[in-house]
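Novice: got a structure for you, letters missing:
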């Protein structure tokens, strides 16, 4: 899908979204919006660079002229939603092992005692705690590398 549309932004910016099938690119140059679509490649950076080159060629600019870059990964969001991808573990600050499973208070059925939660992305037996503490003011207690081993 290649289109030209007006935009009010004078900066040269580009955004790239890697999807499962296609990599989409949106480029704003002066008052123009140009888009490009290329196949997603196994080495995703190859498709990203191809899409950037295609959009820049259409705009008649060198990629070095780009002022801003944004990158999105629909393919990673899909992996989370579909619960695919690599088997993983979670290492967290002591006392926070179950935060993913407990969830947040802004869920749809806050007072529904029978509401079903989805399975956590990382099962409890693959969640590990380390004795450390970092705050906005800095590191209060460093991670002990030996304890991690």
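Specialist: Noted; the coordinates are in hand. Worth saying up front: this structure is predicted, and the values here are computed from it rather than measured. Residues are numbered from 1 along each chain as shown.
Novice: pretty sure residue 65 is touching residue 12, no?
Specialist: Yes: using CB atoms under 8 Å, residue 65 is in contact with residue 12, at 5.5 Å. In this view, the C-beta of every residue, glycine as well, is placed from N, C-alpha and C.
Novice: okay, the two: which has more neighbours?
Specialist: Applying other CB atoms under 10 Å to residue 65 and residue 12 shows that residue 12 carries more neighbours, namely 17 against 10.
Novice: contacts only, for the more buried one.
Specialist: Counting by CB atoms under 8 Å, 6 or more residues apart in numbering, residue 12 touches 27, 28, 29, 30, 61, 65, 66, 67, 68.
Novice: including pLDDT, could these go into CSV?
Specialist: Output for the contacts of residue 12, formatted as CSV (pLDDT from 0 to 100):
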residue, pLDDT
27, 97
28, 96
29, 94
30, 87
61, 96
65, 94
66, 95
67, 94
68, 94
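Novice: any chance of these in a markdown table, plus distance to residue 91?
Specialist: Below are those laid out as a markdown table (distance: CB to CB, whole Å):
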| residue | distance to residue 91 |
| --- | --- |
| 27 | 39 |
| 28 | 40 |
| 29 | 44 |
| 30 | 47 |
| 61 | 44 |
| 65 | 42 |
| 66 | 36 |
| 67 | 37 |
| 68 | 33 |
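Novice: and the contacts of the helix ranked longest in the chain?
Specialist: Assignment by DSSP state H gives helix 44-59 as the longest helix of the chain. For helix 44-59, the surrounding residues in contact (CB under 8 Å, 6+ apart) are 2, 14, 16, 18, 23-27, 29, 32, 34-41, 62-63, 65-66, 71, 75.
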